[in-house]
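Q: Structure for the following, please:
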Amino acid sequence: MTSRTTPARAVLLAAGLFAMAACGTTTASGSGAVADPSPVPSLTQDHAAQAAAAVARHDKRFPEVAAGCQGRESAAPTGSAAPDGLPTDPAARKYAENHAYRNEAALSPAARCRGEAHAARITAALGGSGGKAAPRTAQELGGLLTGMGYEVETGDVYASSTGGLSFVLSIPESGPCVTGRVGPPVSVKAHGPYLEGGCHEPRGGH
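A: This next block holds a predicted model:
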């Protein structure tokens, strides 16, 4: 038997399909237009707000550093996160590519100011300022840095290949890294995180 669809039944079927397709669609009252979804905050704006809040926490934690770096521009990074260009010599080019993992992120003027201020602060402490002797063991060095407000994690303080003490710190909240060694002579510098992540120099390459 051949089934036939009457005109009336066809109209009802089409109306049902239209209703199913429209199910769940929100329309503006009386206009038939699809309503705009709720505005989603910009990821860029959210990141900027989080970064500003982190700097504020840093400044509260280290007021003397904040006072010295107040008003510094934070928009334009200084330095370069990567070489300006690879060498034309094939061997030199390959070497540069294999050691790209050592590249450091650029620091804004404000971040560099904070990093250098922390480096100077630590240098003064390691130099025996206040009549205190410089630390002689990793435990003493870790205790000194912790007492100054820094977060020392496992592996941040270690004996260097020359037999002296070295350390690597990530400045709380503000981002710069500070790397140094106990002298003589004392050597402390600020730099950006490595592009592969963290303040410890990555090992290896490819």
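Q: What's the per-residue pLDDT of residue 27 here?
A: Predicted confidence (pLDDT) for residue 27: 43.
Q: same deal with residue 47?
A: 81.
Q: So which elements touch the helix or strand containing it?
A: Applying DSSP states H and E as the criterion places residue 47 in helix 43-61. Under the contact criterion of 3 or more C-beta pairs under 8 Å, 6 or more residues apart in numbering; DSSP states H and E, helix 43-61 touches helix 63-68. Where C-beta positions appear, they are placed from N, C-alpha and C, glycine not excepted.
Q: Now do the helix it packs on: everything it contacts.
A: Outside helix 63-68, the residues within contact range by C-beta atoms under 8 Å, 6 or more residues apart in numbering are 58-60, 113-114, 117-118, 121.
Q: Mind doing that once more with 6 Å?
A: 59, 114, 117 (C-beta atoms under 6 Å, 6 or more residues apart in numbering).
Q: Can you tell me which of those residues has the most neighbours?
A: For those, the largest neighbour count, defined by other C-beta atoms under 10 Å, is 29 neighbours, found at residue 114.
Q: nearest spatial neighbour of residue 138, skipping sequence neighbours?
A: Excluding the flanking residues, the one nearest residue 138 by C-beta to C-beta, 6 or more residues apart in numbering is residue 157, at 4.7 Å.
Q: pLDDT value on the one you found, please?
A: At residue 157, pLDDT is 96.
Q: show me where the protein has helices.
A: 7-22, 43-61, 63-68, 90-98, 109-126, 138-147 (DSSP state H).
Q: angle of the second one against helix 109-126?
A: Orientation note: helix 43-61 sits at an angle of 30 degrees relative to helix 109-126 (axes from the mean of the first three to the mean of the last three C-alpha atoms, to 10 degrees).
Q: got any ranges where this structure has weak pLDDT?
A: Along the chain, the model assigns pLDDT under 70 to residues 1-44, 73-102, 128-131, 204-206.
Q: hmm, 50 instead?
A: Within the chain, the ranges that satisfy pLDDT under 50 run 1-3, 5-8, 10-30, 75-76, 78-84, 95-96, 99.
Q: For residue 175, see how far away residue 160 is.
A: 25 Å (C-beta to C-beta, to the nearest Å).
Q: actually residue 203, not the one I wrote
A: 22 Å.
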